[in-house]
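A.B. asks: Provide a 3D model corresponding to the input given below.
(one chain, ligands or ions: 1)
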Amino acid sequence: MRNAFLLRLLAPVSAVIARQLAQPRGWFGRTVMTRVLNRGNRDLIEATLEGVALGHDSQLLDVGFGGGLLLELAHGRGARELAGVDPSEDAVTRLRRRPEWLPGSRLRLEIGAVESLPLPDTSFDVVASTNTVYFWPDLGRAFRELHRVLRPGGLLTIGFSGAEKLRSFGAITRHGFRFHENGAIVEAASSAGFAGVRVIGLHGRVTEGDYVLRASR
Ligand SMILES: C[S@@+](CC[C@H](N)C(=O)[O-])C[C@H]1O[C@@H](n2cnc3c(N)ncnc32)[C@H](O)[C@@H]1O
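C.D. replies: The predicted structure is shown next:
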């Protein structure tokens, strides 16, 4: 009874947080949410890049980069040809305003969404994405686009919280999150033409209930 009352009281705040997670916006999105994302999602982002071979010439794309931590970590591991796409104009503008952010790299940042990537065919060796599948309107279309922009032999690596974990954060995730089951995600990736699709469960303190999908084109 008391919990139900509290949840009702917090409902407007949860809806605002959910909207900011789905797409950081405005002053709050730019200055607070992007930092919260970089800090809170670090372990999953690191796991998503773990073991991925990155060299100076590797062309890496992060879809839905939010605060940009994955691009920063890839840069720290030597990648210099980097690109990011995010539908949040504020997330894109924030990083475009920092030309010295990833020194010595060629960085392309575009406003766009996974279902229609504003990028040419077969242009990346690695395509990564973390914590975005819950916002993809159409899994099939998303994986076809990811497949299109990867080079033959390129690697897809996607980090996400499983449906069960998302449900446990229902106060927030009931506002617009999509609860894709792992089977549906694997099926969509395979149908889009990806090979060797596999899902690895994570078991860290923060990442319990999270997964990394790996596949190659
Ligand atoms: C929860 S944040 C995750 C940000 C970052 N990848 C991370 O793990 O910290 C979700 C991000 O996905 C982006 N996003 C939302 N819908 C998307 C879509 N259809 N395609 C690509 N990115 C999307 C949002 O703008 C936001 O930056």
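A.B. asks: contact partners for the spatially most central residue of the chain?
C.D. replies: Closest residue to the average C-alpha location of the chain: residue 130 at 2.6 Å, with C-alpha atoms, centre = their mean. By C-beta atoms under 8 Å, 6 or more residues apart in numbering, the residues touching residue 130 are 41, 44, 45, 48, 62, 64, 70, 158, 159, 160. For every residue, glycine as well, the C-beta is placed using N, CA and C.
A.B. asks: and what of residue 119?
C.D. replies: Counting by C-beta under 8 Å, 6+ apart, residue 119 makes contact with 61, 83, 85, 110, 112, 149.
A.B. asks: rerun at 6 Å
C.D. replies: Applying C-beta atoms under 6 Å, 6 or more residues apart in numbering, we find residue 119 in contact with residue 149.
A.B. asks: gap between it and the ligand?
C.D. replies: The spacing between residue 119 and the ligand, counted by C-beta to the nearest ligand atom, to the nearest Å, is 12 Å.
A.B. asks: repeat for residue 34
C.D. replies: Residue 34 is 8 Å from the ligand, by C-beta to the nearest ligand atom.
A.B. asks: what do you get for residue 53?
C.D. replies: From residue 53 across to the ligand, the span is 21 Å (C-beta to the nearest ligand atom).
A.B. asks: likewise residue 74?
C.D. replies: With the distance defined as C-beta to the nearest ligand atom, residue 74 ends up 12 Å from the ligand.
A.B. asks: just checking, that residue touches residue 60?
C.D. replies: Yes. Between residue 74 and residue 60 a contact is recorded at 5.2 Å, counting by C-beta atoms under 6 Å.
A.B. asks: which parts of the lengthiest strand in the chain are buried?
C.D. replies: When the chain is parsed with DSSP state E, its longest strand is strand 150-161. Within strand 150-161, the residues that qualify as buried are 150, 154, 155, 156, 157, 158, 159, 160, 161, counting by 16 or more other C-beta atoms under 10 Å.
A.B. asks: what of stretch 13-21?
C.D. replies: In stretch 13-21, counting by 16+ other C-beta under 10 Å, buried: 14, 17, 18, 19, 20, 21.
A.B. asks: flag every residue of this protein that's near the ligand.
C.D. replies: 21-24, 37, 41, 45, 63-67, 86-88, 91, 113-115, 130-132, 135-136 (C-beta under 6 Å from any ligand atom).
A.B. asks: are any of those buried, and which?
C.D. replies: So, by 16+ other C-beta under 10 Å, the buried ones in those are 21-24, 37, 41, 45, 63-67, 86-88, 91, 113-114, 130-132, 135-136.
A.B. asks: circling back to that earlier point, looking at the residues of the chain next to the ligand, which are in strands?
C.D. replies: Short answer: the residues of the chain next to the ligand in strands (DSSP E) are 63, 86, 130.
A.B. asks: reformat those residues as JSON lines; add pLDDT.
C.D. replies: Output for those, formatted as JSON lines (pLDDT from 0 to 100):
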{"residue": "63", "pLDDT": "98"}
{"residue": "86", "pLDDT": "98"}
{"residue": "130", "pLDDT": "98"}
